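Trainee: My questions are about this predicted structure, shown below with the sequence.
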Amino acid sequence: MDAVSACEVAPATPAALQPAVVRFLGRQPYEPVWRAMQRFTDARTDSTVDELWVVEHDPVFTLGQAGKDEHVLAPGDIPVVHVDRGGQVTYHGPGQIVVYPLLDLRRVGIGVREYVCRIEQAIIDTLLEWNIIAVRREGAPGVYVGDAKIAALGIRVRRGCTFHGLAFNVDMNLEPFQRINPCGYQGLQVTSVLDLGGPSGMEAVQRVLLDELARQFGLALRTEPTLPDLSSAA
């Protein structure tokens, strides 16, 4: 089964849209946001409203549960953080949109595989706004344009609830990707929306991406100005 047929899913069509809160965190160091996601997920109940956290991170390499240190080639002054998501190593930095969907999959009515497919489709449809044709690759989660990766996925599901999420290269310095084997693949090329002729502004891409995520998961989004507790306590 190829990647396209494996992910042929229509946008969610619930009887009523499910409410979800969007929080714009701005630019933040990685670890406090990660710990806050863990706390949110551990504390949530069946009545907890789903949330999407949108953030740019300070430069950091993150290594997932399956990650191998050998894929971090020359980190230099960029910290390496071992985290509890799936996947190998990736880079986060300014100019990259990171979205953490904190969703109850039982409420949405989908499983983990379909969840991944829907995130990928939201990114693919976002890129179409600027006539950029993107695809999936079988066995390599994420979104690609030609031979280059433009968005990475790394997720965790606990008690049916998701955290971690997606990283979408918009207008960023791609040099740090040369210091790793991105997602565990030696020589994997990466690209960005700007390099492919899209807009340089983060806000335009961010707006379309959130609309597409809402469409894929049947969400009615509202913005909440308060931030989660980003204290460093685990």
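Mentor: Yes, it's here.
Trainee: drop to CA atoms for contacts and neighbour counts, all remaining ones
Mentor: OK.
Trainee: I'd like the next helix or strand past the least confident helix or strand in the chain by mean pLDDT.
Mentor: When the helices and strands of the chain are compared on mean pLDDT, DSSP states H and E, helix 3-6 comes out lowest with a mean of 49. Downstream of helix 3-6, the next assigned helix or strand under DSSP states H and E is strand 18-28.
Trainee: neighbours around residue 131, how many?
Mentor: Residues near residue 131, counting by other C-alpha atoms under 10 Å, number 12.
Trainee: before we move on, what about residue 158?
Mentor: 11.
Trainee: Would you enumerate the residues in contact with it?
Mentor: By C-alpha atoms under 8 Å, 6 or more residues apart in numbering, the contact set of residue 158 is residue 41.
Trainee: Now it, what are its backbone angles?
Mentor: In terms of degrees, to the nearest 10, the main-chain angles of residue 158 are phi -130, psi 120.
Trainee: Check the secondary structure at residue 87 for me.
Mentor: The assignment at residue 87 comes out as coil when based on DSSP: H, G, I helix; E, B strand; the rest coil.
Trainee: Would you agree it is in contact with residue 183?
Mentor: Yes - look at residue 87 against residue 183 with C-alpha atoms under 8 Å: they come within range, at 6.7 Å.
Trainee: Can you give the distance from stretch 78-85 to the centre of its chain?
Mentor: For stretch 78-85, the gap between its own C-alpha mean and the chain's C-alpha mean amounts to 15 Å (C-alpha atoms, centre = their mean, to the nearest Å).
Trainee: Flag every buried residue along stretch 197-207.
Mentor: 198, 200, 202, 205, 206 (16 or more other C-alpha atoms under 10 Å).
Trainee: Now the first one: closest residue in space that isn't a chain neighbour?
Mentor: Put plainly, it is residue 198. Take residue 198 and drop its neighbours on the chain: the residue closest to it by C-alpha to C-alpha, 6 or more residues apart in numbering is residue 130, 5.9 Å away.
Trainee: Could you look up the SS state of the one you found?
Mentor: Per three-state DSSP, the secondary structure class of residue 130 is coil.
Trainee: quick revisit: which one among the buried residues of stretch 197-207 sits at the bottom for pLDDT?
Mentor: Sorting the buried residues of stretch 197-207 by pLDDT puts residue 200 at the bottom of the list (82).
Trainee: so that one sits in a helix?
Mentor: No - per three-state DSSP, residue 200 lies outside any helix segment and is coil.
Trainee: Tell me where this structure has helices.
Mentor: Ranges of helices in the chain, per DSSP state H, are 3-6, 30-43, 105-108, 112-128, 202-217.
Trainee: Now distance to residue 91 too, for those helices, in a markdown table please.
Mentor: Converted to a markdown table, the helices of the chain look like this (distance: least, C-alpha to C-alpha, whole Å):
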| stretch | distance to residue 91 |
| --- | --- |
| helix 3-6 | 24 |
| helix 30-43 | 11 |
| helix 105-108 | 27 |
| helix 112-128 | 18 |
| helix 202-217 | 18 |
